[in-house]
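Student: what's the 3D shape of this:
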Amino acid sequence: MTPTIITRGIVPLCGLVLLSLSPSTAQADRRIFAQLYPYSTLPEGTKEVEHYLDASFDRAVDPDDVGGDEVLAISWKHQVEFEYGITDHWDFGIYQYFRQDAFQSVEYRGTKLRTRYRFAEQGVLPIDLSAYLEVALLADEIEIEERLIAAKILGPVELGLNLKVEQKLEPADGALEIEHELIPLLGVGWHANERFAIGAEYMGEIAFHEGELETPVHYAGPAVSFAGRGFFWTLSAMPRIAGDADAASVQARSVLGVML
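Tutor: The predicted structure follows:
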């Protein structure tokens, strides 16, 4: 079975499974940006499943086609998350993470654990704030991610900011190699109504490898979000607008959330 067939099978299967679990009266934890995390948390006792599908587009030569020309190369990431609201201000999630690099088969990467806490009800503070912590236990490394999440709702307009920091811990030559990355994210969105929203997102990638600053990369592009009874689906596509020419040309994401 080819990687393309595997990918085509996983995506609709995940979607059908998630939608089949959706109660008709539940309301999902709506998010109108795909890369940017929202300030909100799940209410106490609420459960949700989310499927993340990430695609990185570039051009490369298929290693099995010696001497061949560059073709469209797509790398995929699949993440399925179960979320639970511990309190009205504190939730928890666990992910199962799969990856499919360009021209390769799907591989299981590991488990991610994350938690998020918001400091007040919406509108109480001048800016709505929450904090996020994630630990990824992967096959060949450990990744730690921290985010400060800020948001502001002004009528139908939603403004968002994430300051994301990542540390990658990987054994190398008997020592522990640590890479650091700073990823700022910005979003501006407009809620046309309860079911439809559009927006624009920015994502930067500023990496440090062995203490050296690598060439930063900048992405920006549109997002669109649909919501219904007990589910939401958000899509974004972000072309590279500046930075390292070796980075992916386009980063795209689909997020499907279904309340249980």
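
Student: once you drop chain neighbours, what's closest to residue 244?
Tutor: Nearest residue to residue 244, sequence neighbours excluded (CB to CB, 6 or more residues apart in numbering): residue 215, at 4.0 Å. (Each C-beta comes from the backbone N, C-alpha and C, glycine too.)

Student: what pLDDT does that neighbour get?
Tutor: Looking at residue 215, its pLDDT is 89.

Student: how about the contacts made by residue 202?
Tutor: 184, 185, 186, 187, 218, 219, 220 (CB atoms under 8 Å, 6 or more residues apart in numbering).

Student: do residue 122 as well
Tutor: 39, 40, 128, 153.

Student: for the residues you listed, name the two members farthest from one another.
Tutor: Spatial extent of these (CB to CB) is set by the pair 40 and 153 at 10.2 Å.

Student: okay, these two: which has more neighbours?
Tutor: residue 40 (18 against 15; other CB atoms under 10 Å).

Student: the more buried one in helix, strand or coil?
Tutor: With DSSP: H, G, I helix; E, B strand; the rest coil as the basis, residue 40 sits in coil.

Student: gap between it and residue 102?
Tutor: Distance, residue 40 to residue 102, using CB to CB, to the nearest Å: 35 Å.

Student: how much space separates residue 126 from residue 92?
Tutor: 28 Å.

Student: these two: who's more crowded?
Tutor: Per other CB under 10 Å, whichever of residue 126 and residue 92 has more neighbours is residue 92, with 15 against 7.

Student: what's the helix or strand containing the more buried one packed up against?
Tutor: Assigned by DSSP states H and E, residue 92 falls within strand 90-100. Applying 3 or more CB pairs under 8 Å, 6 or more residues apart in numbering; DSSP states H and E, one finds that strand 90-100 makes contact with helix 3-20, strand 71-87, strand 107-118, strand 128-138.
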